[in-house]
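1. need coordinates for the below:
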Amino acid sequence: LFWECPVAAKVTFFDAYYLDTMNEEAVAAFRDLAYTPHDRFAADYGKTIKGVFTDEPGLMIHDGFFKVEAMRTTLQNPQRTLPGIALAWTRDFEAKFRELCGYDIRPLLIGLLYDIGPTTHKLRADYFRAISLWYSQVYHGRLSLWCRERNLEYIGHTLEEPLFNQVRTQGNQTWVLSLMDRPGLDYLGHGVGTAANPVRILSCKCAASVAHIQGKARVMCEAFGGSGHGHSLLDRRLDANFMAVLGVNMFIPHAFYYSFEGYRKTDWPPTEFLHQPYWRMYRPFADYLGRLSYIQAQGHHVSGTAILNPLKTMYISMFHEGQAIKDPPCQRLHTQLSELMLALHYDYDYLDDTQLHQATVEGGRLKFPASEETYGLVMLPGAKIMSSAAMSKLLEFFEAGGKVIALGDVPMEADERGKDEALADMTVALFGK
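-> Numbering: from 1, shown residues only. All right, here's what the predicted structure looks like:
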């Protein structure tokens, strides 16, 4: 049974449907309505108007981030939900998937939520590769191209944490951030990443790692939102310092309201403007952020350690017997390792499986074409499945003197068909039997 929702008019972000970010026609219409009208200010592009900020786009914001059930099911009652689990979809999905992956997904759809035998993992890997590709290329690719054609920067942030929610809404976050001129994140609420709250680390490190590996100078953060009107300048300094430690070097405080009357008073406060009793002291704080950002943007980041994001293992582990597994073992290991490394004062970057394909090996270190960063140690938290190309690069790295540490499972399965045996042989050569 296939059904398309009716077109909704005059409904808000929290109350109804969302843009199909994998659909060329839908994204083109959104671009023409939301972006193109600003061409009347084209004389200011690249001058007064530096760029465009995209705020929390995704594959499916409501169903992907807030819950797993199908939400916003009727125009009359947008808060109504349906039983079961919603998955990202787009018009003509079956035809596009067949063209990309070479087979019909319809008789296998149940395998996205239930184990259907030996093909389950390959099916899920193909599904997430497809939606990640379409979403990153269609939404972020088209809008970033629109910006580049006008001498504008394309910046913004998505929904980033924890890893389960990130994968549900973005597919592959690295692919998304790679299309931004200043990879970005949102840092909501007061507090730093600790063993009790380690997910605070994920969003900063994802954005900073893409910038480091791609040689991009700035890491942007929409900062301080959701901290409450009692969030002091001292609180802000603590949060800003922690963001800077993780690589942020451009701060966009949320938010400067001309008025915060009515609903605006509760829109992820605090206000950063003249309503605050400490407004007269805000200039020294802003100057502090400026100096902090300037220092952070000098030279280049040096860590020498890369942690492989276990995204492909997440793809195959998020659902079991029709139920969402929101904290699978690979996510727990990844989160714990991320926090522990920082607690021991060892810095690192996150690395994506597909980024390994682009790396070269020199003197026992991984190098990337646009980056001055090199890595002599790669850590794999709970990785059960990888691409054969990534594993081949890791083996080359190891044989050249690089160090590879696996925590928990080691990869014994390839995400491509017909490559399991070859990948398992490389894993044995790397880690032993």
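2. could you point out which element follows the helix or strand hosting C330?
-> Here C330, judged by DSSP states H and E, is contained in helix 329-343. Later in the chain than helix 329-343, the nearest helix or strand by DSSP H and E is strand 349-351.
3. show me what that following strand is in contact with.
-> Residues outside strand 349-351 that contact it (C-beta atoms under 8 Å, 6 or more residues apart in numbering): 174, 205-206, 208-209, 212-213, 301, 303, 305-309, 373, 375, 378. Heads up, the C-betas are built off the backbone N, CA and C, glycines and all.
4. distance check, K122 against A390.
-> Relative to A390, K122 is positioned 16 Å away (C-beta to C-beta, to the nearest Å).
5. nope, H38 is what I meant
-> 40 Å.
6. who's more crowded, these two?
-> More crowded of H38 and A390, by other C-beta atoms under 10 Å: A390, with 25 against 14.
7. check which helix or strand the closest residue in space to that one that isn't next to it in sequence maps to.
-> Nearest non-adjacent residue to A390, counting by C-beta to C-beta, 6 or more residues apart in numbering: L356, 4.1 Å away. Per DSSP H and E: L356 is located in helix 353-358.
8. tell me the buried residues in that helix?
-> D353, T354, Q355, L356 (16 or more other C-beta atoms under 10 Å).
9. sorry, back to before: got a list of what the residue nearest to A390 touches?
-> Contact partners of L356, counting by C-beta under 8 Å, 6+ apart, are L308, L366, A389, A390, K393, L394.
10. C-terminal to the helix-or-strand element of the chain with minimal mean pLDDT, what's the next element?
-> In the chain, no helix or strand scores lower on mean pLDDT, DSSP states H and E than helix 61, which sits at a mean of 70. On the C-terminal side of helix 61, the nearest following helix or strand under DSSP H and E is helix 93-101.
11. and the helix or strand just after that next one with helix 93-101, angle?
-> Past helix 93-101, further along toward the C-terminus, the next helix or strand under DSSP H and E is helix 120-135. Relative orientation of helix 120-135 and helix 93-101, computed by axes from the mean of the first three to the mean of the last three C-alpha atoms, to 10 degrees: 100 degrees.
12. what residues of helix 120-135 count as buried?
-> 120-135.
13. ok, now stretch 385-398?
-> By 16+ other C-beta under 10 Å, the buried positions in stretch 385-398 come out as 385-395, 397-398.
14. for that stretch, give the mean pLDDT please.
-> The pLDDT scores in stretch 385-398 average 97.
15. contacts for it?
-> 121, 125, 312-313, 315-316, 353-354, 356-357, 359, 361, 364, 366, 378, 404, 411, 413-416, 419, 422-423, 426-427, 429-430.
16. got a PyMOL select line for the buried ones in those residues?
-> Entered in PyMOL, the line below selects the buried ones among these, by 16+ other C-beta under 10 Å:
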select buried, resi 121+125+312+313+315+316+353+354+356+359+361+366+378+404+411+413+414+415+416+419+423+426+427+430
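17. of the contacts of stretch 385-398, which belong to helices?
-> 121, 125, 312-313, 315-316, 353-354, 356-357, 422-423, 426-427, 429-430 (DSSP state H).
18. so for those, which is the shakiest by pLDDT?
-> pLDDT is lowest at H357 among the ones in helices among the contacts of stretch 385-398; the value there is 90.
19. now the phi/psi pair for the residue nearest to that residue when sequence neighbours are not counted, please.
-> Excluding the flanking residues, the one nearest H357 by C-beta to C-beta, 6+ apart is A389, at 5.0 Å. Per-residue torsions, A389: phi -70, psi -40 (degrees, to the nearest 10).
20. follow-up on the earlier one: adding distance to A88, write the contacts of L356 out as JSON lines.
-> Below are the contacts of L356 laid out as JSON lines (distance: C-beta to C-beta, whole Å):
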{"residue": "L308", "distance to A88": "24"}
{"residue": "L366", "distance to A88": "32"}
{"residue": "A389", "distance to A88": "25"}
{"residue": "A390", "distance to A88": "24"}
{"residue": "K393", "distance to A88": "29"}
{"residue": "L394", "distance to A88": "30"}
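21. list just the nearest of the ones in helices among the contacts of stretch 385-398 to D327.
-> The nearest member of those to D327, counting by C-beta to C-beta, is T313 at 13.1 Å.
22. touching, that closest one and G382? I think so.
-> Yes - using C-beta atoms under 8 Å, T313 makes contact with G382 at a distance of 6.1 Å.
23. can you list residues touching both of those two?
-> By C-beta under 8 Å, 6+ apart, the residues touching both T313 and G382 are P328, C330, D409.
24. most neighbours among the residues you listed, which one?
-> C330 (26 neighbours).
25. residues touching the spatially most central residue of the chain, list them.
-> Centroid-nearest residue in the chain: Q173, 3.0 Å away (criterion: C-alpha atoms, centre = their mean). Q173 sits next to T158, E160, Q166, V167, C206 when contact means C-beta under 8 Å, 6+ apart.
26. likewise S303?
-> Y346, D347, Y348, D349, E373, Y375.
27. what's the one helix or strand L185 maps to packed up against?
-> Take DSSP H and E as the rule and L185 turns out to sit in strand 184-187. Where contact means 3 or more C-beta pairs under 8 Å, 6 or more residues apart in numbering; DSSP states H and E, strand 184-187 is packed against strand 153-157, helix 200-214, strand 220-223.
28. what lines up beside it in the sheet?
-> Its sheet considered, strand 184-187 pairs with strand 220-223 (parallel) by DSSP bridges.
29. could I get whatever helix or strand comes next after the strand it pairs with in PDB with only the CA atoms?
-> Sequence order places helix 233-245 as the next helix or strand after strand 220-223, per DSSP H and E. Extracted as PDB, the C-alpha positions of helix 233-245 are listed here (Å, rounded to 0.1, in the frame of the first residue of the first chain):
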ATOM      1  CA  LEU A 233      28.100  35.200  30.900                       C
ATOM      2  CA  LEU A 234      30.300  33.000  33.200                       C
ATOM      3  CA  ASP A 235      28.200  30.000  32.100                       C
ATOM      4  CA  ARG A 236      28.700  31.000  28.500                       C
ATOM      5  CA  ARG A 237      32.400  31.300  28.900                       C
ATOM      6  CA  LEU A 238      32.600  27.800  30.300                       C
ATOM      7  CA  ASP A 239      30.600  26.400  27.400                       C
ATOM      8  CA  ALA A 240      32.500  28.400  24.800                       C
ATOM      9  CA  ASN A 241      35.800  27.200  26.100                       C
ATOM     10  CA  PHE A 242      34.700  23.600  25.900                       C
ATOM     11  CA  MET A 243      33.500  24.100  22.400                       C
ATOM     12  CA  ALA A 244      36.800  25.700  21.500                       C
ATOM     13  CA  VAL A 245      38.700  22.700  23.000                       C
END
